[in-house]
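Peer 1: fold the following and give me the result.
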Amino acid sequence: MNILILTNTYTPHVGGVARSVAAFAAEYRRRGHRVLIVAPEFPDMPGHETDVIRVPAIQKFNASDFSVALPLAAQMNDAIDAFQPDIVHAQHPFLLGMTAVRIARRRELPLVFTHHTLYEQYTHYVPGDSPTMKRFAIELGTRYANLSDQVFAPSESIRALLLERGVDTPIAVVPTGVHLESFASGDGAAVRRQLGIAAEAFVVGHLGRLAPEKNLDFLTHAVAEVVAGDARTHFLVIGTGPSEKTIRERFARAGLSTRLHILGLLQGRQLADALHAMDVFAFASLSETQGMVLTEAMAAGLPVVALDAPGAREMVDDGSNGRLLRAAAPAAFAAGLRWVAAQGPDVRSALRQAALDTAAAFSMPRCADRALACYAALQPRAAADTHAHETGWEEVIIAIKTEWDILKSMAGAGDAALGTGLFPEKED
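Peer 2: Take a look at the predicted model:
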């Protein structure tokens, strides 16, 4: 099978979607399928890539670490003609996602869409963020899903949410899998020695992109409370992003900087070693659709303390492989971490085994089986089948453009009043 994947984020960008695309593509290729990936250019991307088409992109969009792809479908036609795709799989409903619709319609191919992201949680990256923009983000994802032949939801929670929002395209739950063997072992003791963390210390860990939508202010508040109350507790963070400064500042204000360890981006053996240096994994994000890092943490045998939210509730069984907290208060989260710290060796061992058992259900081979079964079941369809939805899609695009023009106009008016010159008037 020839699988064409279009994504707005891809390596070397660090994020759930980029990692998902890379993981599925590698597994498909391992099984003998061909995969062609269309993705934006990123700084420091590999000089030579096999079966990857890069398109120009605006880097560091609105001071974030995202790139905004500029969909130039005409430049891709020759490569796609030569590839002869059987399936078009979009990872986003906008930018290259729109290109995916055009490719699928013109070639009369099935269109698959993975609803990776709760887009309304990310509108703070758009100038003029507002409740109206959040509603448009929801509508955008919903209408795009209804343009598709098959929707992949990363979790049962997201499948239920999409049905509630009016998605009537078939929805299959297809999480991103993890290669369990990559996390099964690691030299956590060496990491502790390198960081000056005692073998008997209790280490709270976190892995992920350090950004506001991950609820890191809440998480840092809760963990700092635990660290302040127990001299043997440390906080080990793996990741990079704009919220790193905030985390460091909170620990510095509390006089706890020596027990905060931010290691930046880690991959491969280094990542596994760092996970094995932890005793518990802390996760407070409310914006996830799956939470791939939870699977990786559990594959390393870590119990998880998380807020009850999409992605986490499918993985964390309260009291079995961690704590799933319904009270979104830092004090309650801190109590969950202390609960893990207070357990004896037998309970800790049971938590570890339960975490490993949970991770096994999310292995990469199992998840790829689900995706490939859906691909195989799809049949080419006539574009006329979704004429009604396409009409609605055009309407929402016009509405979004109108909203953007209004917001830009407001920004320009404010700029003129402040005299900053950021939005100069257009000259005739």
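
Peer 1: from His89, how far off is Ala224?
Peer 2: 42 Å (Cβ to Cβ, to the nearest Å). The C-beta positions use only the backbone N, C-alpha and C, and glycine is treated the same way.

Peer 1: who has more neighbours, these two?
Peer 2: His89 (26 against 21; other Cβ atoms under 10 Å).

Peer 1: need the residues that contact the host helix or strand of that one.
Peer 2: His89 is located in strand 87-90, with elements delineated by DSSP states H and E. For strand 87-90, contacts defined as Cβ atoms under 8 Å, 6 or more residues apart in numbering pick out 1-7, 96-97, 100-101, 103-104, 107, 109-114, 144, 148, 375, 378.

Peer 1: let me see the domain layout of the chain.
Peer 2: Domains of the chain are assigned by automatic domain parsing as 2-177+367-418, 180-362.

Peer 1: please identify the most buried of those domains.
Peer 2: domain 180-362 (a mean of 19; mean count of other Cβ atoms under 10 Å).

Peer 1: which other helices and strands contact the helix or strand where Tyr375 lies?
Peer 2: In the assignment (DSSP H and E), Tyr375 maps to helix 364-377. In terms of contacts (3 or more Cβ pairs under 8 Å, 6 or more residues apart in numbering; DSSP states H and E), helix 364-377 is packed against helix 16-30, strand 150-153, strand 171-173.

Peer 1: so Met1 sits against Ala373, correct?
Peer 2: No - the pair formed by Met1 and Ala373 falls short of the contact definition of Cβ atoms under 8 Å, at 11.5 Å.

Peer 1: mind checking the pLDDT average for the helix or strand harbouring Ile158?
Peer 2: Remark: Ile158 resides in helix 156-165, with elements defined by DSSP H and E. Across helix 156-165, pLDDT averages out at 91.

Peer 1: likewise stretch 10-23?
Peer 2: pLDDT averaged over stretch 10-23 gives 84.

Peer 1: now do that stretch: distance to the chain's middle.
Peer 2: Relative to the centre of its chain, stretch 10-23 is centred 8 Å away, using Cα atoms, centre = their mean, to the nearest Å.

Peer 1: correct me, but Ser20 touches Thr114?
Peer 2: Yes - counting by Cβ under 8 Å, Ser20 does reach Thr114; the two are 7.5 Å apart.

Peer 1: between those two, which contacts overlap?
Peer 2: Residues touching both Ser20 and Thr114 (Cβ under 8 Å, 6+ apart) are Gln91.

Peer 1: and His234, which of the three is it?
Peer 2: Under DSSP: H, G, I helix; E, B strand; the rest coil, His234 falls in the strand class.

Peer 1: from Phe333, how far out is the nearest residue to it once chain neighbours are set aside?
Peer 2: In space, and not counting its chain neighbours, His234 is closest to Arg259: 4.6 Å by Cβ to Cβ, 6 or more residues apart in numbering. Distance, Arg259 to Phe333, by Cβ to Cβ: 18 Å.

Peer 1: I'd guess Leu356 is in a strand, am I close?
Peer 2: No - Leu356: not assigned to a strand; according to three-state DSSP it is helix.

Peer 1: what residues are up against the closest residue to it other than its chain neighbours?
Peer 2: Take Leu356 and drop its neighbours on the chain: the residue closest to it by Cβ to Cβ, 6+ apart is Gly301, 5.5 Å away. Gly301 makes contact with His276, Arg352, Gln353, Ala355, Leu356, according to Cβ under 8 Å, 6+ apart.

Peer 1: and the helix or strand harbouring the third one, what does it pack onto?
Peer 2: When secondary structure is defined using DSSP H and E, the element that contains Gln353 is helix 345-360. Packed against helix 345-360, as judged by 3+ Cβ pairs under 8 Å, 6+ apart, are the following elements: helix 292-299.

Peer 1: circling back to that earlier point, worst average pLDDT in the domains of the chain?
Peer 2: Among these, domain 2-177+367-418 has the lowest mean pLDDT, at a mean of 78.

Peer 1: relative to Gln91, how far out is Leu4?
Peer 2: 11 Å.

Peer 1: could I get the helices and strands packed on helix 364-377 as JSON lines with distance to Arg253?
Peer 2: Listed next are the helices and strands packed on helix 364-377 as JSON lines, based on distance: least, Cβ to Cβ, whole Å:
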{"stretch": "helix 16-30", "distance to Arg253": "31"}
{"stretch": "strand 150-153", "distance to Arg253": "40"}
{"stretch": "strand 171-173", "distance to Arg253": "42"}
